[in-house]
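Engineer: fold the stuff below for me.
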Amino acid sequence: MESKRQQKFARVIQKELGEVFQREGSHYLPGIMITLTKVRVTSDLSIARVYLSFFKTPSPLQALNTIQSQTREIRYKLGEKIKDQVRAVPQLSFFLDDTNEYSERMEAIFSQINKDNTP
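Structural biologist: A predicted model of the protein is given here:
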C-alpha cells in the first residue's frame, strides 16, 4: 500500500514526465505515441517505476529498449522540471504496460466462451 506521500510524488512525476514525452517523444521514437499509464514510487522516493504504453509501433519491446537507453537524458529533463518541488530526482525504471494486450486477450476468450455457450 502506497502512502499519501508516495502517491502525491508519483502524480507529480507522471504529470511532468508526460509533458516531457509529449514534447520530446518524437525525438526518442518518431511516429510512435508514448503514454505513461502508471508511476509507482518506492517508500524512500528514490526509485520511480514508470509504466509505458506504445501505440503505432510494430515492436513495443524495441520501443521500450530505446526509451531505456535514453534514461539519463529523460531523468535530466525531469529534474529540470521538478527541481524546485523535490529534494532529489529519483532513478527512473521503465517498464512495458501490457494492460491493453491483456484486456484484448481476455475479451477474445470471453467472446469464444459466449460463442460456445450459444445454442
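Engineer: helices along the protein, start to end?
Structural biologist: Counting by DSSP state H, one finds helices in the chain at the ranges 4-28, 60-69, 71-82, 99-117.
Engineer: now those in CSV, with distance to residue 43, mean pLDDT and mean neighbour count?
Structural biologist: (C-beta placed from N, C-alpha, C; glycine too.) Output for these, formatted as CSV (distance: least, C-beta to C-beta, whole Å; pLDDT from 0 to 100; neighbours: other C-beta atoms under 10 Å):
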stretch, distance to residue 43, mean pLDDT, mean neighbour count
helix 4-28, 7, 92, 16
helix 60-69, 24, 93, 15
helix 71-82, 19, 95, 15
helix 99-117, 24, 79, 10
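Engineer: contacts only, for the residue lying closest to residue 47 once chain neighbours are set aside.
Structural biologist: Among residues not flanking residue 47 along the chain, residue 91 sits closest, at 5.0 Å (C-beta to C-beta, 6 or more residues apart in numbering). Residues in contact with residue 91 (C-beta atoms under 8 Å, 6 or more residues apart in numbering) are 46, 47, 48, 75.
Engineer: which one is the last one nearest to, not counting chain neighbours?
Structural biologist: Going back to what we said before, that points to residue 75. residue 92 (5.2 Å).
Engineer: now do the residue nearest to residue 79 when sequence neighbours are not counted against residue 73, distance only.
Structural biologist: In space, residue 79 comes closest to residue 89 once its chain neighbours are excluded; the distance is 4.0 Å by C-beta to C-beta, 6+ apart. According to C-beta to C-beta, to the nearest Å, residue 89 and residue 73 sit 13 Å apart.
Engineer: same question for residue 50.
Structural biologist: 14 Å.
Engineer: one step back: reformat the contacts of residue 91 as a markdown table; add distance to residue 99.
Structural biologist: As requested, the contacts of residue 91 are exported to a markdown table (distance: C-beta to C-beta, whole Å):
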| residue | distance to residue 99 |
| --- | --- |
| 46 | 26 |
| 47 | 21 |
| 48 | 19 |
| 75 | 24 |
